[in-house]
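Peer 1: I'd like to go over a predicted model; first the sequence, then the structure.
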Amino acid sequence: MSGHSKWSQIKHKKAHSDAKRGKIFTKIVKEIAIAARLGGGDPDGNPRLRTAIEKAKEVNMPHDNIKKAIMKGTGELPGVAYEEFVYEGYGPAGVAVMIEVMTDNKNRTLPEIRHILAKSGGSLGETGCVSWMFDKRGYILVNKSKASEDALMTAALEAGAEDMKNDPDEENYEIVTSPEDFETVKEALEKAHIAVESAEVTMLPKTYVVLDEKAAEQTIRLMDGLEENDDVQNVYSNFDIPDEVAEKVG
């Protein structure tokens with residue numbers, strides 16, 4: 001699972017350091033608005049909204065921005081009506097790519113996604129062409145300096161976590177949960193005073209495609225291109241870049 005772990009960490013760090021903070025805010029505002037539209041404006045009764053608000057706080061989004069996004073979602077303020085879509089396709093070396101978008105204009109977004117894929121040697125596929133390669137799971141990273149393995153394992157597994165990974169070459173423990181138990185496990189870690197590095201409900205690959213230097217460069221360019229698009233909320237892929245290759249392309 002190291003490939004997913006590394007990419008999650010890269011994205012998490014980018015969210016804090018990216019100079020284009022407005023782009024990050026735009027994506028989170030969309031998520032808050034649609035979460036509020038679908039599940040109501042009370043985060044206590046709406047786990048998706050609660051998670052979106054936590055992401056907003058992580059990047060220091062002003063409280064007023066969060067409040068307005070919720071009110072737009074619930075209809076208390078006028079706002080754009082976004083739709084959710086998932087596009088599936090292939091990247092360099094045949095890696096699987098799933099792209100979650102929120103858009104107010106599908107006729108604009110679809111050609112843009114197709115173009116970004118094609119520029120990096122990828123292609124758009126039919127619905128269902130790669131989704132079978134992923135499992136929807138809760139995924140939590142905890143820095144190894146924040147908790148002992150025994151304490152973390154006890155808290156996580158007792159709360160219903162499915163698995164916990166400890167790769168000696170990684171700086172974080174990885175905890176995997178069912179989507180239904182994700183909030184319960186995260187809350188259990190908080191009650192145990194264990195700081196969480198990042199936490200999300202995501203799509204975990206069942207297998208990985210190991211990339212050489214050329215394919216790694218193309219894939220990183222593809223991931224950056226997709227995530228820079230304002231309509232793209234999340235990108236999932238099953239690539240793995242070995243450390244020695246990452247050092248060359250990094």
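Peer 2: On my side now, so go ahead. Numbers count the residues shown, from 1 in each chain.
Peer 1: next structured bit after the biggest strand by length in the chain?
Peer 2: Taking DSSP state E as the criterion, the chain has its longest strand at strand 134-143. Note on strand 134-143: by DSSP states H and E, the next helix or strand toward the C-terminus is helix 149-158.
Peer 1: I'd like to know which elements that following helix is packed against.
Peer 2: Packing partners of helix 149-158 (3 or more CB pairs under 8 Å, 6 or more residues apart in numbering; DSSP states H and E): strand 163-165, strand 172-177, helix 182-191. (Each C-beta comes from the backbone N, C-alpha and C, glycine too.)
Peer 1: Could you export it as PDB, CA atoms only?
Peer 2: This file holds the C-alpha atoms of helix 149-158, laid out as PDB (Å, rounded to 0.1, in the frame of the first residue of the first chain):
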ATOM      1  CA  GLU A 149       2.300   0.900  17.600                       C
ATOM      2  CA  ASP A 150       0.600  -1.000  20.500                       C
ATOM      3  CA  ALA A 151      -1.400   2.000  21.700                       C
ATOM      4  CA  LEU A 152      -2.600   2.800  18.200                       C
ATOM      5  CA  MET A 153      -3.400  -0.700  17.300                       C
ATOM      6  CA  THR A 154      -5.400  -1.200  20.400                       C
ATOM      7  CA  ALA A 155      -7.400   2.100  19.900                       C
ATOM      8  CA  ALA A 156      -8.000   1.500  16.200                       C
ATOM      9  CA  LEU A 157      -8.900  -2.200  16.200                       C
ATOM     10  CA  GLU A 158     -11.200  -1.900  19.300                       C
END
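Peer 1: quick one, that helix and strand 172-177 angle?
Peer 2: Per axes from the mean of the first three to the mean of the last three CA atoms, to 10 degrees, the angle that helix 149-158 makes with strand 172-177 is 10 degrees.
Peer 1: quick one: contacts of the helix or strand that contains I53?
Peer 2: Using DSSP H and E, I53 sits in helix 47-58. Contact with helix 47-58 is made by 15-16, 25, 28, 31-32, 35-36, 38-44, 65-66, 70, 182-183, 199-201, as judged by CB atoms under 8 Å, 6 or more residues apart in numbering.
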